[in-house]
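**Student:** heads up, no residue letters with this:
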Ligand SMILES: Nc1nc2c(c(=O)[nH]1)N[C@@H](CN(C=O)c1ccc(C(=O)N[C@@H](CCC(=O)O)C(=O)O)cc1)CN2
């Protein structure tokens, strides 16, 4: 996303630490020191965990990112902060994984092509070839990485190789139906977002729409979450629902769920790339627009 003509470069600072008086003063004093101008600032104090969370969008002329980082390090250390400081305009290098259902992949590629999402997609990876032509239609390289019980480790090694080779910032599981190993989840902690096709915690597993049909629910939904080794248990980023009824077959529910899945995933990716998500243990603090 280009810097607007005449505007100073913009940055995003996110931080979390044990709550105590003076944290906002410490951050705003540092911003004064570096000549930063606040565009937007949000904070949350988790009373149960006694944790403080903050997101600051600011502009600062003539101070390179690395200099801002080395300058803020002192503030971060003094207050025991976990912090991140990024350029607000740098697009996220996003690897998209898909299996047999392509509606979320298609939606992400379209939103990327129109600039609706600040991402670049250096590659699409799949354990099937169904969406090779879709990727080609967006000039995105396609990698077929088949997964069988015998090739699961090799497939994951290839995935991590691509993450390094392509300098990936974010991995999106856009209806990728293979369970990632503990090793891969640890290696990519906080960098993998999955779209699960149910309103979690209901209907975990591979066939949630059939489970929903059999249960006779009147609402179905989708959940975007960070991926952890425990299937469908990761910290929830965003959820959405739509109304259904007794006349609808499992296939009708699959069709009704597609748009919810695509919208929920796109929102989660947008919030992640705008540094609006901070992990609070097994929960996610969201600083929305
Ligand atoms: N470590 C994790 N990996 C993945 C997660 C996750 O939460 N943690 N989510 C899945 C996506 N998913 C539901 O959203 C899901 C995918 C696959 C299965 C499953 O049972 N897969 C079977 C094979 C199914 C098939 O080949 O079609 C299996 O792996 O044995 C359940 C839920 C993505 N990865």
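**Tutor:** Noted; the coordinates are in hand. On a predicted model such as this, the values are computed, not experimentally measured, just so you know.

**Student:** Can you give the domain ranges for the chain?
**Tutor:** With domains defined by the TED database, the chain comprises 10-87, 92-286.

**Student:** Ok, which of the ones you listed comes nearest the ligand?
**Tutor:** domain 92-286 (3.4 Å; Cβ to the nearest ligand atom). Any C-beta I mention is one placed from the backbone N, CA and C, and that applies to glycine too.

**Student:** got the end-to-end distance for the closest one?
**Tutor:** 18 Å (Cα to Cα, to the nearest Å).

**Student:** hang on, the earlier thing: and the domains of the chain, which is most packed in?
**Tutor:** Most buried of the domains of the chain, by mean neighbour count (mean count of other Cβ atoms under 10 Å): domain 92-286, with a mean of 18.

**Student:** any chance of the domains of the chain in JSON lines, plus distance to the ligand and mean pLDDT?
**Tutor:** Output for the domains of the chain, formatted as JSON lines (distance: least, Cβ to the nearest ligand atom, whole Å; pLDDT from 0 to 100):
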{"stretch": "domain 10-87", "distance to the ligand": "23", "mean pLDDT": "96"}
{"stretch": "domain 92-286", "distance to the ligand": "3", "mean pLDDT": "97"}
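
**Student:** What segments of the protein are helices?
**Tutor:** 23-33, 65-78, 103-114, 132-137, 152-165, 182-187, 208-215, 250-273 (DSSP state H).

**Student:** Wait, residue 134 touches residue 102, no?
**Tutor:** Yes. Taking contacts as Cβ atoms under 8 Å, residue 134 lies within contact range of residue 102: 6.0 Å.

**Student:** Please determine how far the nearest residue to residue 168 once chain neighbours are set aside is located from residue 189.
**Tutor:** What sits nearest to residue 168 in space, not counting adjacent residues and going by Cβ to Cβ, 6 or more residues apart in numbering, is residue 95, at 4.6 Å. Distance, residue 95 to residue 189, by Cβ to Cβ, to the nearest Å: 16 Å.

**Student:** Equivalent analysis for residue 42, please.
**Tutor:** Residue 42 is 24 Å from residue 189, by Cβ to Cβ.

**Student:** just residue 236 next, same as before
**Tutor:** Residue 236 sits 16 Å away from residue 189, going by Cβ to Cβ.

**Student:** about what we covered before: redo the helices of the chain as a markdown table? Include distance to residue 10.
**Tutor:** Output for the helices of the chain, formatted as a markdown table (distance: least, Cβ to Cβ, whole Å):
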| stretch | distance to residue 10 |
| --- | --- |
| helix 23-33 | 13 |
| helix 65-78 | 11 |
| helix 103-114 | 20 |
| helix 132-137 | 31 |
| helix 152-165 | 27 |
| helix 182-187 | 30 |
| helix 208-215 | 40 |
| helix 250-273 | 14 |
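
**Student:** Please identify which of those helices is closest to residue 194.
**Tutor:** helix 250-273 (8.7 Å; Cβ to Cβ).

**Student:** Can you check what angle separates the closest one from helix 103-114?
**Tutor:** 40 degrees (axes from the mean of the first three to the mean of the last three Cα atoms, to 10 degrees).

**Student:** could you say what helices and strands helix 250-273 packs with?
**Tutor:** Counting contacts by 3 or more Cβ pairs under 8 Å, 6 or more residues apart in numbering; DSSP states H and E, helix 250-273 packs against strand 92-98, helix 103-114, strand 170-173, strand 192-196, helix 208-215, strand 219-226, strand 236-243.

**Student:** Parallel or antiparallel, list what pairs with the last one.
**Tutor:** This means strand 236-243. Strand 236-243 sits in its sheet next to strand 219-226 (antiparallel), going by DSSP bridges.

**Student:** returning to what we had before: for residue 222, which of the helices of the chain is the nearest?
**Tutor:** helix 250-273 (4.2 Å).

**Student:** Distance check, the residue at the greatest distance from the centre of the chain against residue 266.
**Tutor:** No residue in the chain sits farther from the centre than residue 247, which is 34.9 Å out by Cα atoms, centre = their mean. Relative to residue 266, residue 247 is positioned 29 Å away (Cβ to Cβ).

**Student:** who's in contact with residue 248?
**Tutor:** Residue 248 makes contacts with 213, 256, as judged by Cβ atoms under 8 Å, 6 or more residues apart in numbering.

**Student:** can we see that at 7 Å?
**Tutor:** Counting by Cβ atoms under 7 Å, 6 or more residues apart in numbering, residue 248 touches residue 256.

**Student:** One more: residue 184?
**Tutor:** 156, 159-160.

**Student:** measure residue 19 to residue 170 for me?
**Tutor:** From residue 19 to residue 170 the distance is 29 Å (Cβ to Cβ).
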